[in-house]
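>>> Here is a sequence with its predicted model. Questions after.
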Amino acid sequence: MATITKRDLVIQISNETGLTQQEVFNVLQAFIEEVTGNLASNNDVVLRNFGAFQVTKTKPKVGRNPNDPGVAVPIPARAVVKFKPGKQMKERVAKVLPELES
């Protein structure tokens, strides 16, 4: 299993579309900024057939310090981003499982 970086995506998209790598990078960076900005404004971002990003809030809880398990550490409530994959993505990713077992 390989790790794909932003740079790898830029190169792949540039090769497929004929756009320059700088043009692809600018569009990808603008996309990331827009998604992040909307999530920071507590807006959901839905990309049909890909998935949905939404902000959810975690409840405050009490954790434990692994170095000193007797000490309770309060963990405050916070906002986190959740991703729910779309139907098309789920179907394509589900096909990966037989390859992983080999």
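Arrived safely, thanks for sending.
>>> CA only for contacts and neighbour counts going forward, please
OK.
>>> And residue 100, what's its pLDDT?
We have a pLDDT of 60 for residue 100.
>>> how about the spatially closest residue to residue 28 that is not a sequence neighbour, what does it touch?
Distances taken as CA to CA, 6 or more residues apart in numbering place residue 10 nearest to residue 28, at 7.8 Å, with adjacent residues excluded. Residue 10 is in contact with 21, 24-25, 28, counting by CA atoms under 8 Å, 6 or more residues apart in numbering.
>>> what's the closest of the residues you listed to residue 71?
residue 28 (44.6 Å; CA to CA).
>>> Is that closest one located within a helix, as I assumed?
Yes - counting by DSSP: H, G, I helix; E, B strand; the rest coil, residue 28 falls inside a helix.
>>> residues near it, how many?
16 (other CA atoms under 10 Å).
>>> that older thread, you'd agree the residue nearest to residue 28 is in a helix?
Yes - according to three-state DSSP, residue 10 belongs to a helix.
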